[in-house]
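Novice: everything below, folded, please.
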Amino acid sequence: MFRPVLKKIQSRFSSPNAMRILSSIVQHHRIQASPGFRSAAEYSADVLERAGLTTEIVSFPSDGTTRYFSHVSPEEWNVAEAELWLTRPKRERLADFFDDRLSLIQRSAACQVEAPVVLLLDGEEREEYSHIGVKGKIVLTKGDVRRVYELAVEEYGAIGIIYDGMRKIPNFRDRFTIPDALSYTSFTWTPTDKKCFGFVLSPKRGEELRRLIRDEKKKGRTCTCKAIVDASFKPGAIEVVSAFIEGVTNEEIWTIAHLCHPQPSANDNASGASVLLESARTISSLIRDRTFSQPARGLRFLLVPEMLGTCAYLSSRDTAQVIAGCNLDMVGQNQTKCGSSFLIDSPPHASAGFTDVLMKRIREVLMSEVFSFSGSYGYPLFRHTVTPFSGGSDHAILCDPTIGIPAPMLIQWPDYFYHTNQDTLDKVDPAMLRLVGVLASTYVCFLANADDDAVDWLLSESISAAKKEVIEFLQSKLRNGSRVEPSELGILRELLLRRIDSLKRFRARKFNREKSELRRFVKSELKSALQLGLVEQQNKSTMNRWEREAAGLVPIRVHRAPADLRSNRHLLTRKEKDILHGLRKKYSETFSLLPVLSQFWMDGKRTLLDIAQLVEFEISSKDTARFLVSYFKILSRIGLIQFHVGKK
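Specialist: So this is what the prediction gives:
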């Protein structure tokens, strides 16, 4: 169904042009609500206008108090210069913003101060400060900067932070995988915060400073540093670039990418932005020369400050006519250099439907880069897979049922150079930009013109995908030697039927015949599973204290989109901050994902226990009820959700 569209896009999409655009974007220091982001937005808008699209830059207040859903917008930040000098026992420049934009913790406050440097182990635990005096001093840490700020600065009076850590990616990257890299680090200020300054050292340079501090301490002396930051905050604005190709109807298909992050941030996410811009140019040119006709549905291309910009834009318009979307996030990696794999990140179960089915089918055609010796089988020369929903980007907002725009994410992960100053232009592969650009462009063009025949094909593909899910689910149980619980059966049936119902976006009918076919298939497969002893005869009846409490709580949405706790941190008590820190350590692998997935299922009827079971089915998490009770009580207390008492 989509092959003719794909071939025409392949003939027009220009990877050299995408690379030229990318090389221009990386010249901008693109921090949200800053002059650097604004200049990148203006450049991007100019590219889109010259490509013939109706383009505008939509500006939204960003002043430290204005909210977009639950997100509190930051004040606009501008930095002129920043330096960190070691002044004792010797004079040495440690960091300079002119040399490297990531040498400064972004959103640092102005300062000109000289003070002793205190070495922290991690600085994340309150007990560490019981025998270390940090008041009036600068702390050196490799721990979580947000937690260190809460303790060292807010509670114990430190005046600044030097960070020499690196986000660990399990089984892939640790602090010394790229020892000379600087980590992208930023303060997230809330209205009552005591702003401070911070600098970033590489792990290698940090260890040198650590040894010096220890050696001086043995001699009864201290190391001192001088910090100079010329920066300012003021009420300002964030910008969203919106470009549009008009359709015959008022329905729309969206492509979105975030434009923000510090200079250079080539793959994250100048690559996604450049692919979006070249995709828009390609489709526009094909329509302009009448290779493509005017689409039935309009095509909208959005460049945003990540998360916040998406919420701001969505808060200003009705999305009822938006059929589907696609999120482009760090897509351009040279896999040999970066260690990445190309992923299609599926929408969450709460938004299960046709979008990832279509994206996977297009990818299968594009994967045939080379062929077997006989020429009978094509296969790719790059690493790739399809993953469950992982969140962490703008599709997490679009896919939220309160927004209702199902959108897969295209991304490369992991990446050795993610969020470091070594995410540079030489790490980008033009061939990967082209592959992703053709894939995304084909996807949106197909959906923009999907007629009855195309919807029938999507329906057939969705049914096939649903049947495959049943078989794979049962096979995984068989491999693991585990059994299917009755509650899992109900969840599985609901998810399969959601795939079919998602096509109501195109055609207002009930699909009763197709649903009956799917039910018969599931019943047949489960009968076979029952004969193999894979199915539990009844639900487990015992509940622990957390599950019992979760069964009595029904959460209610207060805001559209997932609640943003980070920008509301000023509302938390000291005890709540400690609870969240404990949850972050205990649920380290799922801490960022559990709250988002859980909120997707909040409909004012489900209890927290119902939601916990849905989430555990989706990501195979454990002890989820305990997390949800603890986390959502905090959200409720600060007004980001509400509770009413449900049936126990």
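Novice: tell me the domain boundaries of the protein?
Specialist: Under the assignment automatic domain parsing, the domains of the chain span 3-73+237-448, 77-234, 453-531, 545-645.
Novice: comparing those, which stretch has the densest surroundings?
Specialist: For the domains of the chain, ranked by mean neighbour count under the definition mean count of other Cβ atoms under 10 Å, the leader is domain 3-73+237-448 at a mean of 21. Placement of C-beta: from N, CA and C, glycine included.
Novice: against which helices or strands is the lengthiest strand in the chain packed?
Specialist: Of all segments of type strand in the chain, defined using DSSP state E, the longest is strand 76-88. Using 3 or more Cβ pairs under 8 Å, 6 or more residues apart in numbering; DSSP states H and E as the contact criterion, the elements in contact with strand 76-88 are strand 92-96, strand 197-200, strand 224-234.
Novice: what's the closest of the ones you listed to Ser567?
Specialist: Evaluated over those, closeness to Ser567 peaks at strand 224-234, with 14.9 Å, by Cβ to Cβ.
Novice: and the residue lying closest to Arg574 once chain neighbours are set aside, its phi and psi?
Specialist: Using Cβ to Cβ, 6 or more residues apart in numbering and skipping the chain neighbours, the partner closest in space to Arg574 is Glu155 (7.6 Å). Comment: the main-chain dihedrals of Glu155 come out as phi -90, psi -40, following degrees, to the nearest 10.
Novice: for Ala109, see how far away Glu155 is.
Specialist: As for Glu155, its distance to Ala109 is 18 Å (criterion: Cβ to Cβ, to the nearest Å).
Novice: do the same with Lys575
Specialist: 27 Å.
Novice: sorry, back to before: what mean pLDDT does the longest strand of the chain have?
Specialist: Strand 76-88 carries an average pLDDT of 98.
Novice: give me the distance from that strand to the chain's centre.
Specialist: For strand 76-88, the distance between its averaged C-alpha position and the chain's averaged C-alpha position is 29 Å (Cα atoms, centre = their mean, to the nearest Å).
Novice: stretch 185-204 too?
Specialist: Computed by Cα atoms, centre = their mean, the chain-centroid distance of stretch 185-204 equals 21 Å.
Novice: Pro562 belongs to a strand, doesn't it?
Specialist: No. Counting by DSSP: H, G, I helix; E, B strand; the rest coil, Pro562 is not part of a strand but coil.
Novice: my read: it touches Leu594, true?
Specialist: No. Taking contact to mean Cβ atoms under 8 Å, the distance of 11.1 Å between Pro562 and Leu594 leaves them out of contact.
Novice: list the residues that contact both of the two?
Specialist: With contacts defined as Cβ atoms under 8 Å, 6 or more residues apart in numbering, no residue is shared by Pro562 and Leu594.
Novice: quick check: mean pLDDT across stretch 465-477?
Specialist: 90.
Novice: hmm, who's touching it?
Specialist: Outside of stretch 465-477, the residues that reach it under the criterion Cβ under 8 Å, 6+ apart are 357, 360, 483-484, 492, 495-496, 499-500, 518, 521-522, 525-526, 529, 534.
Novice: got any ranges where the stretch 51-200 of the chain has weak pLDDT?
Specialist: Counting by pLDDT under 70, the stretch 51-200 of the chain contains no low-confidence segment.
Novice: that one: strands as residue ranges?
Specialist: Using DSSP state E, counting those that start in this stretch, the strands assigned to the stretch 51-200 of the chain run over residues 54-62, 67-68, 71-72, 76-88, 92-96, 111-119, 138-141, 160-163, 197-200.
Novice: the stretch 501-648 of the chain too?
Specialist: Along the stretch 501-648 of the chain, counting by DSSP E, counting those that start in this stretch, strands occupy 553-557, 641-645.
Novice: by mean pLDDT, show me the worst of these.
Specialist: Looking over these, mean pLDDT reaches its minimum on strand 641-645, with a mean of 87.
Novice: starting at the chain centroid, how far to that one?
Specialist: 27 Å.
Novice: partner strands of that strand, with direction?
Specialist: With DSSP bridges as the test, strand 641-645 is paired with strand 553-557 (antiparallel).
Novice: okay, now the unreliable bits of the stretch 351-500 of the chain?
Specialist: Along the stretch 351-500 of the chain, no part satisfies pLDDT under 70.
Novice: and if we set it to 90?
Specialist: 367-381, 473-490, 492-494 (pLDDT under 90).
Novice: ranges for the strands of it?
Specialist: Taking DSSP E, counting those that start in this stretch as the criterion, the stretch 351-500 of the chain carries its strands at 370-371, 378-379, 384-387, 409-413.
Novice: can you lay out those as JSON lines showing distance to Arg626?
Specialist: Compiled in JSON lines, the strands of the stretch 351-500 of the chain are given as follows (distance: least, Cβ to Cβ, whole Å):
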{"stretch": "strand 370-371", "distance to Arg626": "50"}
{"stretch": "strand 378-379", "distance to Arg626": "44"}
{"stretch": "strand 384-387", "distance to Arg626": "26"}
{"stretch": "strand 409-413", "distance to Arg626": "28"}
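Novice: quick one: closest of those strands to Ala18.
Specialist: Taking Cβ to Cβ, strand 409-413 is the member of the strands of the stretch 351-500 of the chain nearest to Ala18, at 14.0 Å.
Novice: check which helices and strands the closest one is in contact with.
Specialist: strand 322-328, strand 341-345, helix 430-448.
Novice: how far is the longest one from where the chain is centred?
Specialist: Read it as helix 430-448. Averaging C-alpha coordinates over helix 430-448 and over its chain gives two centres that are 20 Å apart (Cα atoms, centre = their mean).
Novice: from now on call the first residue 30
Specialist: Sounds good: first residue 30 from here, last item helix 459-477.
Novice: could you check the angle strand 351-357 makes with it?
Specialist: Computed by axes from the mean of the first three to the mean of the last three Cα atoms, to 10 degrees, the angle separating helix 459-477 from strand 351-357 equals 180 degrees.
Novice: before we move on, what about the second one?
Specialist: Relative orientation of strand 370-374 and strand 351-357, computed by the same axes, to 10 degrees: 160 degrees.
Novice: adjacent strands (with direction) for strand 370-374?
Specialist: Pairing partners of strand 370-374, with direction, according to DSSP bridges: strand 413-416 (parallel), strand 438-442 (antiparallel).
Novice: nearest to Pro459, out of these?
Specialist: Between Pro459 and those, the shortest separation by Cβ to Cβ is 14.0 Å, and it involves strand 438-442.
Novice: put the alpha carbons of that closest one into PDB.
Specialist: What follows is the C-alpha trace of strand 438-442 in PDB, where atoms were taken according to Å, rounded to 0.1, in the frame of the first residue of the first chain:
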ATOM      1  CA  MET A 438       9.200   7.500  18.500                       C
ATOM      2  CA  LEU A 439      12.100   6.900  16.200                       C
ATOM      3  CA  ILE A 440      15.400   6.900  18.200                       C
ATOM      4  CA  GLN A 441      18.900   5.500  18.400                       C
ATOM      5  CA  TRP A 442      19.800   4.100  21.800                       C
END
